[in-house]
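In: Quick one: sequence and predicted model below, then my questions.
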Amino acid sequence: MASRREFLQIGVAALALPISARAGLSPANSAAAGESAQTPLYKVIFDERFATSRAFAGEVKRLGASVYGIKGDITDLWFNDLDARWRKEPVAIAGLTEHGALFCLERLAWDHGMRVVYRADHTYRADGYMEHELSGSEVMLREAVNLSSSGADWSSRVASLLTRCPAVRAQASKLTVVTPAAKQAGDPEHLVSWVIAPVGAARKFSRS
Amino acid sequence: MKVPPGVSASDFAEAIKQFEEAVGKEWVFTSDEDVAMYRDAYSPFMGEPEERVASAAVAPDGMEQVQKVVRIANRYKIPIYPVSTGKNLGYGGSAPVLSGSVVLDLKRMNRILEVNEANAYALVEPGVSYFDLYRYIQEKGLKLWVDVPDPGWGSPIGNALDRGGGYLMPQYRNHFDSHCGMEVVLANGEVLRTGMGALPGAQTWQQYKSGFGPWIDGMFSQSNFGVVTKMGFWLMPEPDAYLSGTVVVPRHDDLIPLVRILTYLEDTRVTNGMPDLGSPLLGIPMLSDFATRFESGGTPFERPLDPELSDLIAKGGGLATSALDGYAQRKGLGYWSCKLSFYGASKANAANWEFAREKFSEIPGVRFEEGENYKLPLTPEQREKVHKPQFGIPSLAMFSIGARSAMNPEPASGHMWFSPIIPRTGEAIFEANRVFAQAAKEFGLPFLSFNLPSTYWERAFIFIFAFPVTRDVEFNKRNRAAFNKLIQVAAEHGWGEYRTAPAFQDAIMNTYSYNNHALLHFHETVKDAIDPNGILSAGRYGIWPKHVREAKS
């Protein structure tokens, strides 16, 4: 059984002021993400093999963003789509995938002047809870607190969160949220949600 | 900003300013965020002060800019570390061997200078990736295949210089062997071309390897004697067809004739694809079975055994017992299997497979399974089913291996490879397993009960053991210590590693010690002569410049 303390843990503030020092942790303040300009997402990536990721994609589509399904491997996505797109101009993508897909996309994105601007590691625990370790701008993390009331439907909240990622890059903070979550059959123990977006000053190696 | 060792802050600042003048201010990276991109994602020193990190990075756009950078580095004695695409994960990535070096990032030099279909070769720059070359060939509709490693996001030049390998015919599978001619910027800024490239106006730079006089190309692989800025590669003309078939033998000791006959067939080019060894009995998958394993939610690292079989192995004290042979026979499982591949004319493939079956028929109880028979190019449906690198198609699929296991406790954190070369015999496979199993037990390593070697190279086998890298510093320390002990154990048995991560390059070079380290002394003599300030890739593959050697002693 998770304790109250575990239920909503505030992690380390890596680079910014501690979130807990501000009054912005209640859902009432979460409209902040919606008030600022949002990062336009070129594609949102999901893993067709996992029920949770499929549910996430359904919600993303409902919210009006374009989705792309993979089965673990990002080769076709990158070779037949992103490579050409990013050579023209860097555009943001997001996803709920296993770590391997993010690992590859992050490194490929670096050379086009992009960075992971938001990341959350979602890990099922043996006690029926899920640990969400989030890293991103404070605005995103304030919004992410809504995960605590999402229950089993956490992937829909993630969809909402990613599609509302602020366009302005801020210093990264960290936050850990523990929520009840029933593991879907076939889901891996660990999924990652993320946003990769252009960063103004970052180097670009692409040659179109 | 970190400053390279032995360099004053003012000299470094001046060098950075001159680098900016040479390549453009936007192509010199000194911010923490940019420099962090050059960290080794799989560093076995993750979270420890010993992690090798860069001080800055410089990205030239051509050979002339490389010359300028090298001359500036010489002027201020700045250690620089060239990388092509920096994707050789498990072997150091783009992090320098000597911490504080400036990474010379050659990624902008990504021009495909020539692809010749009739003579099946390419001339490329270091920043060209396998994907880039593959895309170029596809877009031009050329009937050529590129031999790609797994994964395929690296650079043909970088992979060849690190002596990596692929999956096609033997003359292409060894990527350094398949190169033909290179252009090299030396530490003093002078540029030379090897082979026929030394002849002004040469028309056969990518057609005849050795030119005239000493053939020095090997000196620029796994070394630090120059910066390779162009390199030619022989490509494989698209074959007419592909055929595979599997040989299955019933008993433990059958591995010896299986390997002997396989070697004969390879050396006579009867079979010309990469052979694929496995054990149906012990659950050791062939490479071609990996996809099925993943689809069923497993990994090649897991070998769930029938309890009866586990019991027999435990009671029998090993794998070479009549009880195990009997179990395999009763269950209809082969003890060993080997998938053969044939690239060539459809009729020739069939005839070669028939001849191979004849040769293997000397093993009592052998049986044969027919495999794929594809007219090339592959249809889209066929393409979905195959292990793509075996058809010259680059892929990143191996990064979707994410499941945790005892061998892979933190899939997100990486690995390092221990990869000794052993003789190409069945007896050597048994002996290496005996030795490494004993060592693994002694050092507390989670090695599997039995391993089969990889067959990338002709004439010799490579054993490849993955050591996981985790976020647990103590775990990594124990594994590094065990890795170093295994290097010694292998060397005591006459087995040396073919390639390794920077953390172990000194230790492995030390085992190549015939006649009081005569080979290393030769490397050092060359290094001191052509790079007296020791600016290029200090420490790479155990070759240190004089001033560092003197400081160490």
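Out: Perfect, I can see it now. Residues are numbered from 1 along each chain as shown, chains lettered A, B, ... in the order given.
In: Every contact and neighbour count from this point should use C-alpha atoms.
Out: Noted.
In: so where is the chain shaky, pLDDT-wise?
Out: Just so you know, I chose chain A. Counting by pLDDT under 70, chain A has low-confidence residues at A:1-36, A:150-152, A:201-204, A:206-208.
In: Let me rephrase: I mean chain B.
Out: For chain B, the stretches with pLDDT under 70 are B:290-304, B:317, B:401-412, B:446-449.
In: How is it divided into domains?
Out: Domain assignment for chain B, taken from automatic domain parsing, gives B:9-105, B:112-237, B:241-376, B:415-501, B:511-552.
In: Dump those domains into JSON lines; add mean neighbour count and distance to chain A as well.
Out: Shown next, in JSON lines, are the domains of chain B (neighbours: other CA atoms under 10 Å in any protein chain shown; distance: least, CA to the nearest CA, whole Å):
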{"stretch": "domain B:9-105", "mean neighbour count": "21", "distance to chain A": "7"}
{"stretch": "domain B:112-237", "mean neighbour count": "20", "distance to chain A": "8"}
{"stretch": "domain B:241-376", "mean neighbour count": "18", "distance to chain A": "9"}
{"stretch": "domain B:415-501", "mean neighbour count": "18", "distance to chain A": "14"}
{"stretch": "domain B:511-552", "mean neighbour count": "17", "distance to chain A": "23"}
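In: Run through who's touching the longest strand along chain A.
Out: Among the segments of chain A that qualify as a strand by DSSP state E, the longest is strand A:114-124. Residues from elsewhere that reach strand A:114-124, judged by CA atoms under 8 Å, 6 or more residues apart in numbering or on different chains: A:90, A:106, A:109, A:130-137, A:140, A:169, A:172, A:181, A:183, A:189-199, A:202.
In: One more pass at 6 Å, please.
Out: The set of residues that contact strand A:114-124 without belonging to it, under CA atoms under 6 Å, 6 or more residues apart in numbering or on different chains, is A:130-136, A:189-199.
In: Now do the helix or strand that that strand is followed by: everything it contacts.
Out: Downstream of strand A:114-124, the first helix or strand assigned by DSSP states H and E is strand A:129-136. By CA under 6 Å, 6+ apart, the surrounding residues in contact with strand A:129-136 are A:117-124, A:172-181.
In: could you dump the domains of chain B to a markdown table with distance to B:H387?
Out: Shown next, in a markdown table, are the domains of chain B (distance: least, CA to CA, whole Å):
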| stretch | distance to B:H387 |
| --- | --- |
| domain B:9-105 | 20 |
| domain B:112-237 | 10 |
| domain B:241-376 | 6 |
| domain B:415-501 | 15 |
| domain B:511-552 | 32 |
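In: packing partners for the helix or strand where B:I429 lies?
Out: B:I429 belongs to helix B:426-443 when assigned by DSSP H and E. Helices and strands touching helix B:426-443, as assessed by 3 or more CA pairs under 6 Å, 6 or more residues apart in numbering or on different chains; DSSP states H and E, comprise helix B:255-267.
In: Partner strands of the helix or strand just after the helix it packs on, with direction?
Out: Beyond helix B:255-267 in the direction of the C-terminus, DSSP H and E gives the next helix or strand as strand B:276-278. The partner list of strand B:276-278 in its sheet, established with DSSP bridges, is strand B:336-344 (antiparallel).
In: Run through who's touching the partner strand.
Out: B:239-249, B:271-273, B:275-279, B:349.
In: All the helices of chain A, residue numbers only.
Out: For chain A, the helices identified by DSSP state H occupy A:4-7, A:32-35, A:51-62, A:75-77, A:83-88, A:99-110, A:138-144, A:154-162, in order along the chain.
In: what separates the helix or strand where B:L104 lies from the chain centre, distance-wise?
Out: When secondary structure is defined by DSSP H and E, B:L104 falls within strand B:102-105. The gap between the average C-alpha position of strand B:102-105 and the chain average comes to 22 Å, counting by CA atoms, centre = their mean, to the nearest Å.
In: quick one: strands adjacent to it?
Out: Strand B:102-105 has the following sheet partners, assigned by DSSP bridges: strand B:56-58 (parallel), strand B:80-83 (parallel).
In: count of residues packed around A:A126?
Out: When counting by other CA atoms under 10 Å in any protein chain shown, one arrives at 9 neighbours for A:A126.
In: What about it? Give its phi and psi, please.
Out: As for A:A126, its main-chain torsions (degrees, to the nearest 10) stand at phi -70, psi -20.
In: Now for it: which residues touch it?
Out: Counting by CA under 6 Å, 6+ apart, there are no residues that A:A126 touches.
In: how close does it sit to A:T97?
Out: A:A126 sits 21 Å away from A:T97 when distances are taken as CA to CA, to the nearest Å.
In: A:V195 now?
Out: Spatial separation of A:V195 from A:T97 under the definition CA to CA is 11 Å.
In: Who are the contact partners of B:I216?
Out: Going by CA under 6 Å, 6+ apart, the list of residues near B:I216 is empty.
In: still on that earlier bit, compare A:V195 and A:T97 and say which is more crowded by neighbours.
Out: Neighbour tally, A:V195 and A:T97, criterion other CA under 10 Å: the higher count belongs to A:T97, 27 against 24.
In: correct me, but the more buried one touches A:V192?
Out: Yes. With contact defined as CA atoms under 6 Å, A:T97 reaches A:V192; the gap is 5.4 Å.
In: Can I get stretch A:77-85 in PDB? Just the C-alpha atoms.
Out: Taking only C-alpha atoms (Å, rounded to 0.1, in the frame of the first residue of the first chain), the coordinates of stretch A:77-85 have been written out as PDB:
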ATOM      1  CA  LEU A  77       9.400   6.000 -39.000                       C
ATOM      2  CA  TRP A  78      12.700   7.700 -39.200                       C
ATOM      3  CA  PHE A  79      13.900   6.500 -42.600                       C
ATOM      4  CA  ASN A  80      10.600   7.000 -44.500                       C
ATOM      5  CA  ASP A  81       9.300  10.100 -42.700                       C
ATOM      6  CA  LEU A  82      11.300  11.900 -40.000                       C
ATOM      7  CA  ASP A  83      14.600  12.000 -41.700                       C
ATOM      8  CA  ALA A  84      13.300  13.900 -44.800                       C
ATOM      9  CA  ARG A  85      11.000  16.100 -42.600                       C
END
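In: List the buried residues of that stretch.
Out: Within stretch A:77-85, the residues that qualify as buried are A:78, A:82-83, counting by 16 or more other CA atoms under 10 Å in any protein chain shown.
In: Which one, of the helices of chain A, ends up nearest to B:D325?
Out: helix A:99-110 (39.7 Å; CA to CA).
In: Checking that closest one against chain B, do any of its residues make contact.
Out: Yes. Helix A:99-110 comes into contact with chain B when judged by CA under 6 Å from any CA of the partner chain, the residues involved being A:G100.
In: ok, residues contacting that helix?
Out: The set of residues external to helix A:99-110 that reach it, using CA under 6 Å, 6+ apart, is B:399-400.
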